[in-house]
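Novice: heads up, no residue letters with this:
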Ligand SMILES: NC(=O)NC(NC(N)=O)C(=O)[O-]
């Protein structure tokens with residue numbers, strides 16, 4: 001999620017969700033009937049859309065999103081995107097920020113599931129958002145019903161009627177991963193976002209959302225991580241993750257890549273086995289649980305460095321469903337990997 005999104009009040013359905021249409025996580029533009037003014041890929045960017053008053057290109061006004069030309073024939077425009085990972089969708093943000101005279105008056109969205117590859121003419125598209133009204137320069141939040149929330153999708157087809165531009169499409173939901181494919185005793189990253197792990201609560205995420213620490217690969221810059229504001233009072237910052245599957249953690253990687261003057265002085269990892277808990281319990285309830293046990297004791301960190309912990313430095317507390325990464329007193333973490341076996 002973008003820096004602005006960590007401070008913008010998101011709807012309830014987006015809290016604790018990930019953006020399955022995130023380019024940073026791997027979502028890709030596949031096809032558009034027309035993208036004359038602005039390419040489809042811009043609609044998937046993670047950062048908040050901008051407006052550059054004096055910026056024009058050979059097609060017209062430079063716009064930060066997907067924008068088709070003015071349609072002079074019957075019909076409407078549509079586009080296909082591949083989600084970053086198979087997932088279940090709780091709701092959308094159809095964001096027309098900065099599209100004031102060229103936004104589409106209406107849109108609708110379909111979804112489909114492909115075991116592999118991208119949709120062809122035989123794809124089984126299912127409507128997930130019926131035709132709805134859009135306005136200028138606004139976030140439009142649409143929550144899915146319970147039935148739609150259960151379905152797993154790999155691709156979306158976005159219809160705009162009849163033409164125009166959308167700055168960003170966010171598809172808030174959770175990753176779907178078939179844990180049956182993971183062998184007993186097979187070492188996996190239990191924190192990986194594609195495996196369904198996501199942040200439930202955090203003390204502060206002023207400069208970067210905690211889920212960024214779970215993304216694939218190494219951080220591309222300091223913005224590609226979890227970073228808190230400077231803590232001016234007592235205490236320390238923390239984030240709580242719900243693992244995609246219960247597991248036993250055996251090896252930990254804490255990566256402070258790009259954090260050179262703002263890495264945490266120390267960190268600590270705790271785990272808890274709370275199978276009865278779900279995503280909606282409060283941070284207070286969770287923090288109050290006596291089930292938290294240290295997996296990694298409070299440990300010194302260094303700037304811009306990959307820290308690996310294994311063997312005796314990693315306490316085997318048995319299966320955990322949730323982990324809590326505490327950083328002292330504040331700062332930024334680029335990636336967190338929790339290697340172990342599924343319980
Ligand atoms: N001023 C505009 O934005 N005009 C056109 N759009 C772009 N991007 O130039 C249009 O016709 O919608």
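Specialist: Structure received. Model, not experiment: these values are computed from the prediction.
Novice: and residue 216, how close does it get to the ligand?
Specialist: 33 Å (C-beta to the nearest ligand atom, to the nearest Å). All C-beta atoms are positioned from the backbone trio N, CA, C, and that covers glycine.
Novice: name the nearest residue to residue 343, ignoring sequence neighbours.
Specialist: If you skip the residues right next to it in sequence, residue 343 has residue 319 as its closest partner in space, 3.4 Å away by C-beta to C-beta, 6 or more residues apart in numbering.
Novice: give me every residue that touches that neighbour.
Specialist: Applying C-beta atoms under 8 Å, 6 or more residues apart in numbering to residue 319 gives the contacts 246, 247, 248, 273, 343.
Novice: the third one: neighbour count?
Specialist: For residue 248, the tally of surrounding residues (other C-beta atoms under 10 Å) stands at 16.
Novice: how about residue 12?
Specialist: Residue 12, neighbours per other C-beta under 10 Å, totals 12.
Novice: list the contacts of stretch 99-112.
Specialist: Contacts of stretch 99-112 (C-beta under 8 Å, 6+ apart): 37, 63, 65, 67, 89, 92, 94, 96, 119, 123-137, 151, 153-167.
Novice: quick revisit: can you pick the most crowded of the contacts of residue 319?
Specialist: residue 247 (27 neighbours).
Novice: which residues does that one bridge with?
Specialist: residue 320, residue 342 (DSSP bridges).
Novice: tell me the spacing between it and residue 121.
Specialist: Using C-beta to C-beta, to the nearest Å, residue 247 is found at 41 Å from residue 121.
Novice: so where's this protein uncertain?
Specialist: 1-8, 16, 277-281, 283, 286-289 (pLDDT under 70).
Novice: for the ligand, give me its nearest residue in it.
Specialist: Using C-beta to the nearest ligand atom, the closest approach of the chain to the ligand is made by residue 60 at 2.7 Å.
Novice: pretty sure residue 98 sits against residue 51.
Specialist: Yes - here residue 98 reaches residue 51: they are 4.0 Å apart, a contact under C-beta atoms under 8 Å.
Novice: of these two, who's got more company?
Specialist: The neighbour comparison of residue 98 against residue 51 (other C-beta under 10 Å) goes to residue 98, with 19 against 15.
Novice: now do the SS call for that one.
Specialist: Secondary structure for residue 98, judged by DSSP: H, G, I helix; E, B strand; the rest coil, is coil.
Novice: who does the residue of the chain closest to the ligand bridge with?
Specialist: With DSSP bridges as the rule, residue 60 is bridged to residue 57.
Novice: for residue 69, see how far away it is.
Specialist: Distance from residue 60 to residue 69, by C-beta to C-beta: 9 Å.
Novice: repeat for residue 45
Specialist: 21 Å.
Novice: between those two, which one's more packed in?
Specialist: residue 45 (18 against 15).
Novice: for the closest residue to that one other than its chain neighbours, pull up the helix or strand it's in.
Specialist: Nearest non-adjacent residue to residue 45, counting by C-beta to C-beta, 6+ apart: residue 23, 5.6 Å away. Using DSSP states H and E, residue 23 falls within no helix or strand.
Novice: contacting residues around residue 23?
Specialist: 41, 44, 45, 46.
Novice: hmm, residue 21 and the second one touching each other?
Specialist: Spelled out, that is residue 44. Yes - counting by C-beta under 8 Å, residue 44 touches residue 21, with 5.6 Å between them.
Novice: got any residues that touch both of the two?
Specialist: Common neighbours of residue 44 and residue 21 (C-beta under 8 Å, 6+ apart) are 27, 81, 169.
Novice: format those residues as CSV; extra columns: secondary structure, neighbour count and distance to residue 111.
Specialist: Converted to CSV, the shared contacts of residue 44 and residue 21 look like this (DSSP: H, G, I helix; E, B strand; the rest coil; neighbours: other C-beta atoms under 10 Å; distance: C-beta to C-beta, whole Å):
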residue, secondary structure, neighbour count, distance to residue 111
27, coil, 25, 13
81, strand, 26, 10
169, strand, 23, 12
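Novice: so which of those reach the ligand?
Specialist: For the ligand, no contacts are drawn from the shared contacts of residue 44 and residue 21 by C-beta under 6 Å from any ligand atom.
Novice: nearest to residue 327 among those residues?
Specialist: Distance to residue 327, by C-beta to C-beta, is smallest for residue 27 among the shared contacts of residue 44 and residue 21, at 28.8 Å.
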